[in-house]
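Participant: Output the structure for:
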Amino acid sequence: MDNSIALGTLALIVFVCIHTVTADVVVLTQDNFHHHVGLDRSSLVEFYAPWCGHCKKLAPEYEKLAASSKKAKSVLIAKVDCDEHKGVCGKYGVSGYPTIKWFPKGSLEPKKYEGPRTADALAEFVNSEGGTNIKITSVPSSVVILNSDNFDDIVLDTRKNVLVEFYAPWCGHCKNLAPIYENVAAAFHMEEDVVIANLDADKYKDIGGKYGVSGFPTLKFFPKGNKAGEDYHGGRELNDFVNFINEKCTTSRDANGQLTSEAGIVASLDNLVKEFVSADKDGKETVYGRLEAEVGKLDNSSARYGQIYLKSAKSCMDKGSDYPKKEIERLERLLGKSISAAKADQFTLKKNILSAFA
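Facilitator: Alright, predicted model coming up:
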């Protein structure tokens with residue numbers, strides 16, 4: 001098999017096998033649904049569509065429920081994208097969005113939730129059905145709140161890429177955008193040089209006026225290299241913002257805040273890695289030296305990723321050709337457990353880079 005095809009296939013397999021999480025909501029797919037639902041704990045599952053307005057309105061309430069349920073080990077709070085996984089949704093008779101269903105422990109015969117779509121009402125339902133004692137707690141916001149005292153320090157910091165929403169509290173479009181914008185901030189909260197912020201431009205009219213704000217919401221992007229600000233004209237769905245930030249800030253996050261399979265990959269090292277993989281023992285030593293020299297030319301985040309390339313190559317030489325495959329499997333198991341976001345990033349970067357050596 002062609003090496004590029006094999007690597008692509010391996011990366012896809014690893015990506016599909018790992019369940020993803022939006023904050024504390026487990027994201028279910030066609031492949032992992034029965035690995036989580038109907039087993040040793042009860043499950044509340046939201047069947048939704050990304051374009052559904054009612055689903056967007058529910059999202060922050062559902063996140064609150066999931067965040068407040070973390071200590072309730074007997075209950076899973078999850079969701080399924082029915083646009084992407086039609087088979088699962090069709091199997092459970094989903095015909096409108098959002099549809100919320102309760103799967104008792106050990107059962108795949110769900111009960112439909114018919115109550116109010118608030119975190120408190122959902123918690124009351126879960127407590128009643130699952131015998132838990134979930135109490136809704138406030139979820140910290142990842143959106144940076146700007147004012148006249150901190151605007152310049154944050155937005156004009158040349159070490160940061162900053163997206164700013166200029167809003168007014170009474171603005172209906174701003175209220176509709178709020179939960180989506182919160183999810184954008186959550187998706188990038190692990191990126192130290194990316195800031196998702198907002199400013200009440202009705203209260204701080206002078207700042208809004210300085211940047212030509214005449215309607216709400218107005219979104220402006222302040223990259224490291226242009227603190228005059230650039231108008232954001234993209235779409236206002238979560239994926240629109242995520243794609244924009246990834247393109248402008250050279251990040252690799254998905255809408256769930258997880259690193260994608262492209263994270264950590266340094267294109268300039270690709271050919272050397274291919275040479276390294278196909279070389280014999282002596283040849284690997286030679287290519288390693290060239291790889292080391294190339295990594296020395298990198299800067300910023302690429303330099304950090306380059307060090308992972310070097311460690312991976314060294315481990316391949318020390319532990320044999322089976323090392324990448326075995327280590328990827330180990331990392332996959334770790335990623336499937338409950339770990340911190342920082343650890344998830346660390347393991348995903350290593351997994352992605354190791355896939356080039358597999």
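Participant: Please enumerate the strands of the stretch 101-250 of the chain.
Facilitator: 111-112, 144-146, 161-167, 194-200, 218-222, 230-231 (DSSP state E, counting those that start in this stretch).
Participant: now, of those, which is deepest in the fold?
Facilitator: The highest mean neighbour count among the strands of the stretch 101-250 of the chain, using mean count of other CB atoms under 10 Å, belongs to strand 161-167: a mean of 25. No exception for glycine: its C-beta is placed from N, CA and C like everyone else's.
Participant: related to what we said a few turns ago, possible to save the strands of the stretch 101-250 of the chain as a markdown table with mean pLDDT and distance to Asp152?
Facilitator: Conversion of those to a markdown table gives the following (pLDDT from 0 to 100; distance: least, CB to CB, whole Å):
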| stretch | mean pLDDT | distance to Asp152 |
| --- | --- | --- |
| strand 111-112 | 96 | 52 |
| strand 144-146 | 97 | 10 |
| strand 161-167 | 98 | 11 |
| strand 194-200 | 98 | 12 |
| strand 218-222 | 98 | 11 |
| strand 230-231 | 96 | 17 |
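Participant: Redo the ones you listed as a markdown table? Include distance to Gly208.
Facilitator: Supplementary listing: those in a markdown table, determined by distance: least, CB to CB, whole Å:
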| stretch | distance to Gly208 |
| --- | --- |
| strand 111-112 | 46 |
| strand 144-146 | 11 |
| strand 161-167 | 5 |
| strand 194-200 | 7 |
| strand 218-222 | 8 |
| strand 230-231 | 14 |
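Participant: Leaving out the residues flanking it, which one is nearest to Asn147?
Facilitator: Setting aside the residues directly before and after it, Asn147 is nearest to Tyr204 in space (CB to CB, 6 or more residues apart in numbering), at 6.5 Å.
Participant: Ile145 is in contact with that neighbour, correct?
Facilitator: No - using CB atoms under 8 Å, Tyr204 and Ile145 do not qualify as a contacting pair, with a distance of 11.2 Å.
Participant: Helix or strand: which one has the most far-flung residue of the chain relative to its centre?
Facilitator: Most distant from the centre of the chain: Asp282, at 41.0 Å, with distances by CA atoms, centre = their mean. Following DSSP states H and E, the helix or strand that holds Asp282 is helix 281-295.
Participant: List of residues touching that helix?
Facilitator: 268-269, 272-273, 275-276, 279, 303, 306-307, 309-310, 313-314, 316-317 (CB atoms under 8 Å, 6 or more residues apart in numbering).
Participant: Can you give me the buried ones in the very next helix or strand once past that helix?
Facilitator: Next helix or strand after helix 281-295 toward the C-terminus (DSSP H and E): helix 300-319. Going by neighbour count (16 or more other CB atoms under 10 Å), the buried part of helix 300-319 is 301-302, 305-306, 308-310, 312-313, 316.
Participant: tell me what helix 300-319 is packed against?
Facilitator: Packed against helix 300-319 by the contact rule (3 or more CB pairs under 8 Å, 6 or more residues apart in numbering; DSSP states H and E) you find helix 270-278, helix 281-295, helix 323-335, helix 341-355.
Participant: hmm, try it at 7 Å
Facilitator: Identification of packing neighbours for helix 300-319 by 3 or more CB pairs under 7 Å, 6 or more residues apart in numbering; DSSP states H and E yields helix 281-295, helix 323-335, helix 341-355.
Participant: hmm, back to that, any idea which of the buried residues of helix 300-319 the model trusts least?
Facilitator: Across these, the bottom pLDDT score, 87, is held by Ser301.
Participant: what about that one, distance to Val155?
Facilitator: Summarising the geometry, the distance separating Ser301 from Val155, computed by CB to CB, to the nearest Å, is 22 Å.
Participant: cool, and Pro98?
Facilitator: Remark: distance between Pro98 and Val155 (CB to CB) = 36 Å.
Participant: Equivalent analysis for Leu44, please.
Facilitator: Leu44 sits at a distance of 40 Å from Val155 (criterion: CB to CB).
Participant: Of the two, which one has the most company?
Facilitator: Comparing Leu44 with Val155 by neighbour count (other CB atoms under 10 Å), the higher total belongs to Leu44, at 27 against 22.
Participant: Quick check: closest non-adjacent residue to Leu39.
Facilitator: Distance criterion CB to CB, 6+ apart; nearest residue to Leu39, sequence neighbours excluded, is Gly106 at 6.9 Å.
Participant: Surely the one you found is in contact with Val37?
Facilitator: No - between Gly106 and Val37 there is no contact under CB atoms under 7 Å: 10.3 Å.
Participant: Between these two, which has more neighbouring residues?
Facilitator: Just comparing Gly106 and Val37: by other CB under 10 Å the higher neighbour count belongs to Val37, 24 against 10.
Participant: Serialize the buried residues of helix 300-319 to CSV and add fields for distance to Ala293.
Facilitator: Compiled in CSV, these are given as follows (distance: CB to CB, whole Å):
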residue, distance to Ala293
Ser301, 19
Ser302, 15
Tyr305, 16
Gly306, 11
Ile308, 17
Tyr309, 12
Leu310, 11
Ser312, 17
Ala313, 13
Cys316, 18
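Participant: So the residue nearest the centre of the chain, which state does it fall into?
Facilitator: To find the centre residue of the chain, average its C-alpha atoms and take the closest one (CA atoms, centre = their mean): that gives Gly257, at 1.6 Å. Classification of Gly257 by DSSP: H, G, I helix; E, B strand; the rest coil places it in coil.
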